[in-house]
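Colleague: build me a structure from this.
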Amino acid sequence: MDPKTHGFRMPAEWGPHQRTFVSWPVRSSMCHPDSWEQVCAGYADLIRAIAEFEPVTVLVNMDDFGPAKNRCGIERIDWLPIPHNDSWLRDNGPTFLVDGQGNLAGVNWQFNAWGGKYSPCDLDDAVAAILLDRYVIRQFDAPLVMEGGSFHADGEGTLLTTEECLLNPNRNPAMAREAIETHLRNHLGASRIVWLRKGLDGDETDGHVDNIACFAAPGEILMQTCLDERDRNFGISRENLDILRDSKDAKGRSFKIIEIPQPPARTGKDGRLTLSYLNFYFVNDGIILPVFGGDAAEADGVAESILASTFPVRRIRTVDGMALVTEGGNIHCATQQMPL
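Modeller: Numbers count the residues shown, from 1 in each chain. Modelled structure (predicted):
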């Protein structure tokens with residue numbers, strides 16, 4: 001039987017956490033191994049920032065354990081040796097669920113490295129089951145390929161996702177949209193799914209929603225938008241805004257939309273970098289926000305100000321977003337919350 005039948009649902013990410021999980025990067029899987037020092041420094045900074053708010057458990061390959069622990073250098077971090085190929089735990093880790101009695105469960109999705117873009121990924125595909133077993137958490141195996149960064153939940157039955165990712169034939173080619181929707185409803189406890197069209201230009205995940213939009217509260221959505229008509233993100237964000245304005249959530253509410261202007265475009269060795277303020281991460285009483293500096297300094301300040309006014313009781317803790325983005329993701333991609 002599926003999680004929804006047993007009374008489980010995915011809670012909102014802003015709810016209280018027991019802890020955060022992060023996977024330490026793996027040099028052999030990096031797109032740019034010459035950036036190893038920068039990436040490790042970025043992960044260490046991120047882990048220390050999260051530890052200011054809540055416990056952190058870092059999944060680490062045994063060969064990296066000593067150097068990783070030395071880099072992080074604080075005692076509020078737990079280290080968990082679990083073999084993995086890559087560091088984006090949001091996408092290959094379990095999605096945690098809760099029921100009305102305070103019980104936890106986890107969804108073990110199938111993982112194929114973002115549509116077969118990287119190999120091997122067998123260790124990553126096994127991480128969710130190993131992690132759930134280590135914490136003695138009930139496991140539900142989902143019969144479809146899915147990444148945690150491809151959907152966002154409001155905790156009240158509404159799910160936000162993109163057609164570009166979930167309907168891409170490199171994930172579940174034999175499944176129609178209706179079948180994918182059914183699995184999402186049954187495994188996440190959703191009753192309403194809002195489909196945006198595309199994610200950000202240049203996003204190698206095929207349009208993960210966690211780079212372009214997320215719930216701020218039930219009935220409220222943060223959206224990264226573009227004001228430059230020459231930028232491909234202009235049309236993408238306009239179309240997604242139109243969809244949201246015509247949509248309602250599971251409770252029948254129209255959405256309040258809070259726009260955050262995107263930072264200036266940047267390119268890396270492989271093309272456009274996916275710079276997103278929406279790839280922030282909720283922690284207990286705070287938000288970890290990636291900022292990009294340089295020509296993005298003004299936009300960084302605007303994003304921080306908008307989040308501070310949207311979440312007045314949370315402390316906005318900024319970290320260097322450039323440390324991770326060259327490897328294809330950012331803070332939300334690297335983290336996974338365990339609800340309280």
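Colleague: stretch 5-12: which residues count as buried?
Modeller: Buried residues in stretch 5-12, counting neighbours by 16 or more other Cβ atoms under 10 Å, are found at 8, 9, 10, 11, 12. The C-beta positions use only the backbone N, C-alpha and C, and glycine is treated the same way.
Colleague: can you check stretch 131-145 too?
Modeller: Neighbour-count burial for stretch 131-145 [16+ other Cβ under 10 Å]: 131, 132, 135, 137, 140, 142, 144, 145.
Colleague: before we move on, back to that, farthest-separated two in the buried residues of stretch 5-12?
Modeller: Longest distance between any two of these is 14.4 Å, between 8 and 12; criterion Cβ to Cβ.
Colleague: quick revisit: now render the buried residues of stretch 5-12 as a markdown table, adding pLDDT, secondary structure and distance to residue 221.
Modeller: What follows is the buried residues of stretch 5-12, written out as a markdown table (pLDDT from 0 to 100; DSSP: H, G, I helix; E, B strand; the rest coil; distance: Cβ to Cβ, whole Å):
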| residue | pLDDT | secondary structure | distance to residue 221 |
| --- | --- | --- | --- |
| 8 | 98 | coil | 24 |
| 9 | 98 | strand | 19 |
| 10 | 98 | coil | 16 |
| 11 | 98 | coil | 17 |
| 12 | 98 | coil | 12 |
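Colleague: which one of these sits closest to residue 149?
Modeller: residue 10 (13.6 Å).
Colleague: so where do the helices sit in this structure?
Modeller: With DSSP state H, the ranges of helices along the chain come out as 36-51, 65-72, 89-92, 113-116, 122-134, 163-166, 177-188, 232-245, 297-310, 322-325, 331-334.
Colleague: if we can go back for a sec, restricted to strands, list the buried residues of stretch 131-145.
Modeller: Judged by DSSP state E, the subset of the buried residues of stretch 131-145 located in strands is 140, 142, 144, 145.
Colleague: run through the bridge partners of residue 213.
Modeller: residue 223 (DSSP bridges).
Colleague: test my guess that it contacts residue 207.
Modeller: No: the criterion here is Cβ atoms under 8 Å, and residue 213 misses it with residue 207 at 10.9 Å.
Colleague: give me the low-pLDDT residue ranges for the stretch 101-250 of the chain?
Modeller: For the stretch 101-250 of the chain, no stretch is flagged by pLDDT under 70.
Colleague: quick one on the thing from earlier: who's more crowded, residue 213 and residue 207?
Modeller: More neighbours surround residue 213 than the other of residue 213 and residue 207, with 27 against 24 (other Cβ atoms under 10 Å).
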